[in-house]
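Undergrad: no sequence on this one, just coordinates:
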């Protein structure tokens, strides 16, 4: 089908909004740095002080890059889950994948008390293993139980169970470890620097490309697995790709930024609502773009412009995402459809 | 024998299906589907209709035996190769995607398009043809959740049509449809058959199946009986099939009758024509046997204004202005 021009216009508008928010986000902070300053600096005319360069390269740009990657990846995870489980309320959070990653992180931070570069890698690996384990459990269950509601309830149970275990671990852990875990669990985009950012980029960018390649296959899944198979979709391979990309992307982001709630579940619905389309070939890029806009916006809000305070990013995204989910459940009768 | 020359599009060889090895639903089936043939699969709920159809097209694994598709074992085909030979319409979709009818039908071209799903002019013209054939060209932009049951089912069938396969398999396509929509749908399938495709569909609706299927597969007591509808009718199978359900199959009329309460004998008098036929229907429905010399006599009196019925019996004579009032009186006796 031809992509209607309305969709193109909305994509352009989102792109423009993203650029504006990006420039705003660079500028905001204790030291004002305009984009024009940055450009002249790049051109070789040193218009920025060393301090400004440091802030830009060590703090602001990595933070925004993190926001962009999280904003692009989490909605894609949610969208894939929603299509695979054919349930509008599916998402990495609801299905317990983020909790799996948190559990992995909790073992590293609370259990082993790891710090430094060892912690960077072990945190990422533990989060992948945690997210992947929950994903494998869900995959195993979904082979036996076809009812999507049951799978969703199981996901919520996994997630509550892991939260209970994490709270026991917190109860028995050292004060310093507990503090760093609590801060981690509030979410932050600002702690991802240097090596971490590289790991994150390597984990996420190739997988985002892969999900674009799989967008036609996801369309085939919309009618359910039987139809998908009858239309030539290799279902086992597709499930594996969806589960692997989701657990690696959601696991990585959770490991480095802490749990970021509601982006995964809410943003795909925003994109669907904006475009009024379900074709994944347009919905996946649109969800990435919408997610990036929402994350950069959340980052700006969390920095409370004009103050020195920073809000936890998890709280901001939840406050943005929850109304969307409530609207979805209460107001929109099409919540039944994807 | 190469697959191009294979006479049967599907042939089942000692095909055994079910969910557990120890407990097969249907065993050692030897059945065939010819090219350009419409096969109706009949059976009671839980007899294994869906399981058979899904096992036949590779959605479920058979317990034993083989299914040959165009002369080659089903397992020899890759999934995309199968998708170009067999299309499927499921009995229901629990969750409707927010697709438009046109997009839904476009999904049928998936086995033919590249990895990004870009469509060729050929693909587009087939989609248009599919929409035309189910008379939904004007619905192309309409979302699926704004359709009636009949329209939605037609859209699903248009998707299967666009998949352009020599065999279409449909699991209870008429399950949620009213009588006009059922006939409309079966007529559509007959047209696909006449266009050279093979159709296999399951149904409860023996009467429409008898009117259009080339062949019937009837599941009865763990076996499947195969034959033209009339062969099976002559064999007396249908009476056996429904013996416990209070329905009897009138082998002479080729239709079903409820075998309800029996109410004795009555004699009917009147001129040949519509009133006589319909009065006879009413009396049969109520369970009366029509016999000469019965102690109740019903006379039909026709006039220019219409007709009336006079019931004569030992206790007197009664006049009725409609079949309904006559029937009420007879029942309350």
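TA: The structure has been received and is ready for your questions. All values derive from a computational prediction rather than experimental measurement.
Undergrad: other SSEs contacting the helix or strand hosting residue B:193?
TA: With secondary structure defined by DSSP states H and E, residue B:193 is part of helix B:179-194. Applying 3 or more CB pairs under 8 Å, 6 or more residues apart in numbering or on different chains; DSSP states H and E, one finds that helix B:179-194 contacts strand B:38-42, helix B:149-162, strand B:167-170, strand B:198-203, helix B:206-212. All C-beta spots, glycine's among them, are computed from the backbone N, C-alpha and C.
Undergrad: can I get the ones you listed in CSV with mean neighbour count?
TA: Shown next, in CSV, are the helices and strands packed on helix B:179-194 (neighbours: other CB atoms under 10 Å in any protein chain shown):
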stretch, mean neighbour count
strand B:38-42, 25
helix B:149-162, 23
strand B:167-170, 24
strand B:198-203, 24
helix B:206-212, 17
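Undergrad: residue A:87 is nearest to which of those?
TA: Closest approach to residue A:87 among these (CB to CB): helix B:149-162, 20.3 Å.
Undergrad: including mean pLDDT and distance to chain A, could the helices and strands packed on helix B:179-194 go into CSV?
TA: CSV is the format used below for the helices and strands packed on helix B:179-194 (pLDDT from 0 to 100; distance: least, CB to the nearest CB, whole Å):
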stretch, mean pLDDT, distance to chain A
strand B:38-42, 93, 17
helix B:149-162, 90, 8
strand B:167-170, 95, 8
strand B:198-203, 94, 13
helix B:206-212, 85, 23
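Undergrad: who does residue B:266 form a beta bridge with?
TA: Beta bridges link residue B:266 to residue B:290, judged by DSSP bridges.
Undergrad: so which of the helices and strands packed on helix B:179-194 gets nearest residue A:231?
TA: That would be helix B:149-162 among the helices and strands packed on helix B:179-194, by CB to CB, at 8.9 Å.
Undergrad: helices or strands next to that closest one in the packing?
TA: Judged by 3+ CB pairs under 8 Å, 6+ apart, the packing partners of helix B:149-162 are strand B:86-89, helix B:101-107, helix B:121-133, strand B:167-170, helix B:179-194.
Undergrad: next, the angle from the last one to helix B:121-133.
TA: Right, the one you point to is helix B:179-194. Taking axes from the mean of the first three to the mean of the last three CA atoms, to 10 degrees, one finds helix B:179-194 and helix B:121-133 inclined to each other by 140 degrees.
Undergrad: which residues sit against helix B:179-194?
TA: Applying CB atoms under 8 Å, 6 or more residues apart in numbering or on different chains, the contact partners of helix B:179-194 are B:36-38, B:133-134, B:149-150, B:153-154, B:157, B:161, B:168, B:170, B:173-174, B:177, B:199, B:201, B:205, B:208, B:211-212, B:214.
Undergrad: got it, and the fourth one?
TA: Outside strand B:167-170, the residues that touch it by CB under 8 Å, 6+ apart are B:9-10, B:33, B:53, B:56-57, B:69, B:85-89, B:157, B:160-161, B:189, B:192, B:197-202.
Undergrad: still on that earlier bit, nearest to residue B:25, out of the helices and strands packed on helix B:149-162?
TA: strand B:167-170 (17.4 Å).
Undergrad: which neighbours does that closest one have in its sheet, and in what orientation?
TA: Strand pairing (DSSP bridges) places strand B:167-170 next to strand B:86-89 (parallel), strand B:198-203 (parallel).
Undergrad: for the helix or strand containing residue A:183, what is the average pLDDT?
TA: Per DSSP H and E: residue A:183 is located in helix A:175-186. The average pLDDT within helix A:175-186 is 83.
Undergrad: that helix packs against which elements?
TA: Counting contacts by 3+ CB pairs under 8 Å, 6+ apart, helix A:175-186 is packed against helix A:97-106, helix A:148-171, helix A:313-326.
Undergrad: chain B: which of the ones you listed is closest?
TA: helix A:148-171 (7.8 Å; CB to the nearest CB).
Undergrad: taking helix A:175-186 as reference, get the angle to that closest one.
TA: Going by the same axes, to 10 degrees, helix A:148-171 makes 150 degrees with helix A:175-186.
Undergrad: just the buried residues of helix A:148-171, please?
TA: Neighbour-count burial for helix A:148-171 flags A:148, A:151-152, A:154-156, A:158-159, A:162, A:166, A:169 (criterion: 16 or more other CB atoms under 10 Å in any protein chain shown).
Undergrad: also stretch B:96-109?
TA: B:96-109.
Undergrad: what about it, how long is it end to end?
TA: 19 Å (CA to CA, to the nearest Å).
Undergrad: any idea of the mean pLDDT for it?
TA: For stretch B:96-109, mean pLDDT is 86.
Undergrad: before we move on, back to that, ok, and which of the buried residues of stretch B:96-109 reach chain A?
TA: With CB under 8 Å from any CB of the partner chain as the criterion, those include B:96-99, B:102-104, B:106-108 near chain A.
Undergrad: closest to residue A:279 out of the residues you listed?
TA: Using CB to CB, those come closest to residue A:279 at residue B:103, 6.3 Å.
Undergrad: burial of the closest residue to chain A within the stretch 1-150 of chain B, as a residue count?
TA: Here the stretch 1-150 of chain B gets closest to chain A at one residue, residue B:83, 3.2 Å apart by CB to the nearest CB. For residue B:83, the neighbour count with other CB atoms under 10 Å in any protein chain shown is 24.
Undergrad: where does the stretch 1-150 of chain B have low pLDDT?
TA: For the stretch 1-150 of chain B, residues meeting the criterion pLDDT under 70 lie at B:1-6, B:93-95.
Undergrad: next to chain A, which bits of it? Give me the list.
TA: B:54, B:57-59, B:79-80, B:82-84, B:86-88, B:90, B:93-99, B:102-104, B:106-108, B:110-111, B:113, B:115-117, B:119, B:144-145.
Undergrad: at 6 Å instead, please
TA: Within the stretch 1-150 of chain B, the positions adjacent to chain A are B:59, B:79-80, B:83, B:88, B:90, B:95-99, B:103, B:106, B:110-111, B:117, B:145 by CB under 6 Å from any CB of the partner chain.
Undergrad: narrow these to those in helices?
TA: Among the residues of the stretch 1-150 of chain B next to chain A, DSSP state H puts B:79-80, B:83, B:103, B:106 in helices.
Undergrad: of all these, which two lie farthest apart?
TA: B:79 and B:103 (21.9 Å).
Undergrad: residue in chain A nearest to chain B?
TA: residue A:232 (3.2 Å).
Undergrad: so what's that residue up against?
TA: B:79-80, B:83, B:111 (CB atoms under 6 Å, 6 or more residues apart in numbering or on different chains).
Undergrad: closest one of those residues to residue B:307?
TA: residue B:83 (60.7 Å).
Undergrad: and the nearest residue to the closest one once chain neighbours are set aside, helix, strand or coil?
TA: Leaving aside its chain neighbours, residue B:83 sits nearest to residue A:232 (3.2 Å; criterion: CB to CB, 6 or more residues apart in numbering or on different chains). Three-state call for residue A:232 (DSSP: H, G, I helix; E, B strand; the rest coil): coil.
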